[in-house]
Structure formats: C-alpha cells, structure tokens
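J.: Okay, here's the prediction I keep looking at, along with the sequence it came from:
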Amino acid sequence: MAHPSQLGFQDATSPVMEELIHFHDHALMIVFLISTLVLYIIVAMVSTKLTNKLILDSQEVEIIWTVLPAAILIMIALPSLRILYLMDEINAPHLTIKAVGHQWYWSYEYTDYEDLAFDSYMVPTQDLAPGHFRLLEADHRMVIPMESPIRVLVSAEDVLHSWAVPTLGTKMDAVPGRLNQTAFISSRPGVFYGQCSEICGANHSFMPVVVEAVPLQCFEDWSLLMLQDS
C-alpha cells in the first residue's frame with residue numbers, strides 16, 4: 001500500500017516485482033553516473049582550457065563517445081530483456097482466474113471451479129470499515145493461494161480497461177473481444193491493491209483491484225464457502 005510522500009516503489013510481493021525494482025535501481029545508477037560525467041565536462045570546459053581544438057578533434061575522443069554509449073545501452077538492454085522473458089513465461093499455473101472489466105467494476109471467474117464467479121465493486125466511502133482504504137477497497141476480493149503460480153486471463157466487456165497491481169509487478173490491458181494473459185506468484189500473504197490503469201470513462205477511478213493472498217488451506221476453505229453461497 002502506497003503512503004503519502006512515498007519515494008520509490010511499493011514493497012515487492014512477487015519475484016518479478018523484485019527483479020523490476022533491482023532493474024530500476026541499476027538503470028538509475030547508470031543515469032546518475034552519466035549525468036555526473038556530463039556535468040563535470042561542462043564545468044571543466046567553462047572553467048579551464050579544455051576547449052582546445054586538438055582535444056575536441058582527436059580520434060580518441062571520437063572513439064570514446066561512440067563506444068561508451070553503445071556499452072551503456074548493452075548494460076541496460078540485457079537485464080531488460082531477461083525481465084521481459086520472465087514476465088511472459090507461464091509454466092503450469094496452479095490456478096487460472098478470468099478477470100473481465102466492465103464499466104465500472106471487475107468480475108472474476110475461477111475457471112478451475114464449476115460455479116465460482118463473482119463481481120467486485122468498489123466499497124462506497126460511507127460503508128468503509130475501520131482500516132480500509134478509500135477508493136481502493138472492494139466488496140469481494142480476488143483471493144489466491146500464496147506461493148502458487150497464478151494465471152490471470154484478462155478481457156473486457158465494453159471498453160478498454162487495464163488490470164494492474166503494482167506490488168505484484170503485473171499490468172495487463174483488458175481489450176473487448178480479446179483474451180490477454182499474465183502470471184505471477186505471491187511470495188507472502190497479504191492484501192494488495194491496484195486500480196484500472198486505462199482511462200475507461202467517467203468512473204475510471206472507481207474500479208479498484210484487490211488481491212488477497214492466503215495460505216493454501218485458507219484458500220480452499222474460502223472457495224468451499226463461496227461455492228456453498230452460490
């Protein structure tokens with residue numbers, strides 16, 4: 001959960017999000033070093049005689065400012081491609097959930113169960129319980145077992161939506177008539193909040209995503225209770 005005046009990302013709760021945070025820090029350090037070097041060169045050129053024609057026209061300088069940017073791009077591209085591969089890889093998920101965006105709520109269908117499906121609406125401000133978050137709490141959470149590969153099939157019924165949970169490192173567009181998929185593993189129990197990340201109409205900011213990760217036994221108890229209620 002984000003908090004006021006927060007700097008940086010929310011705490012990671014999936015291996016992919018941990019990799020994304022590491023890559024962010026890696027790229028940020030490269031940007032910091034480049035900015036420091038450029039600032040030093042500018043200050044040195046203004047305050048000294050580094051503008052000498054023999055220095056600016058030397059072959060060595062030409063080689064350096066051609067090879068160095070290429071090496072920097074490789075240092076950024078290689079870990080980036082690795083993370084992209086990890087985000088797209090889906091191997092034998094333990095559970096598949098279909099998330100469908102509507103104007104303006106989400107509906108979830110647990111495809112491994114026969115009749116386990118429900119709609120998830122935002123809880124109005126006047127109905128919030130103590131400790132719940134305004135504009136982020138839903139009346140029915142998407143409950144998942146922790147430490148299990150989860151596949152989410154994402155689509156939409158009317159307009160474009162986007163199913164996103166920052167702490168899980170997942171964001172997938174919901175397109176009418178198309179079925180996209182994403183996968184993640186929750187490495188710890190907890191309640192993780194997200195929102196629709198596509199401007200989908202007047203109530204775009206009122207369709208939160210709430211994922212609750214629980215131990216496997218608790219998930220099985222919850223699924224049995226939901227099936228009995230349905």
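T.: Received the coordinates, thanks.
J.: Out of the helices and strands in the protein, which is least certain?
T.: Least confident helix or strand, the chain: helix 53-56 with a mean of 56, by mean pLDDT, DSSP states H and E.
J.: quick one: contacts for residue 132?
T.: residue 123 (C-beta atoms under 8 Å, 6 or more residues apart in numbering). Any C-beta I mention is one placed from the backbone N, CA and C, and that applies to glycine too.
J.: wait, residue 11
T.: By C-beta under 8 Å, 6+ apart, the contact set of residue 11 is residue 167.
J.: Now it. Its backbone dihedrals?
T.: Here is the backbone geometry of residue 11 (degrees, to the nearest 10): phi -60, psi 130.
J.: what pLDDT does it get?
T.: Looking at residue 11, its pLDDT stands at 88.
J.: Would you tell me what the next helix or strand after the least confident helix or strand of the chain is?
T.: helix 59-88 (DSSP states H and E).
J.: what packs against the helix with the most length in the chain?
T.: If you go by DSSP state H, the chain has its longest helix at helix 15-47. Packing partners of helix 15-47 (3 or more C-beta pairs under 8 Å, 6 or more residues apart in numbering; DSSP states H and E): helix 59-88.
J.: gap between the helix it packs on and the chain center?
T.: 24 Å (C-alpha atoms, centre = their mean, to the nearest Å).
J.: Can you give me the buried ones in that helix?
T.: Burial within helix 59-88, assessed by neighbour count using 16 or more other C-beta atoms under 10 Å, is assigned to residue 87.
J.: and the direction of it versus that of helix 15-47, what angle?
T.: 160 degrees (axes from the mean of the first three to the mean of the last three C-alpha atoms, to 10 degrees).
J.: same for helix 59-88, what does it pack against?
T.: The contact analysis (3+ C-beta pairs under 8 Å, 6+ apart) places helix 59-88 against helix 15-47.
J.: Give me the distance between the helix it packs on and the centre of its chain.
T.: Mean-position distance between helix 15-47 and its chain equals 23 Å (C-alpha atoms, centre = their mean).
J.: For that helix, the averaged confidence score.
T.: Mean per-residue pLDDT for helix 15-47: 89.
J.: Contact partners for the spatially most central residue of the chain?
T.: Nearest to the mean C-alpha position of the chain, by C-alpha atoms, centre = their mean, lies residue 169 at 3.1 Å. Residues in contact with residue 169 (C-beta under 8 Å, 6+ apart) are 12, 14, 16, 17, 18, 19, 20, 87, 184.
J.: and with 6 Å instead?
T.: Counting by C-beta atoms under 6 Å, 6 or more residues apart in numbering, residue 169 makes contact with 14, 16, 17, 20.
J.: how near is the third one to residue 165?
T.: Here the distance between residue 17 and residue 165 works out to 9 Å (C-beta to C-beta, to the nearest Å).
J.: For those two, indicate the residue with more neighbours.
T.: Comparing residue 17 with residue 165 by neighbour count (other C-beta atoms under 10 Å), the higher total belongs to residue 165, at 27 against 21.
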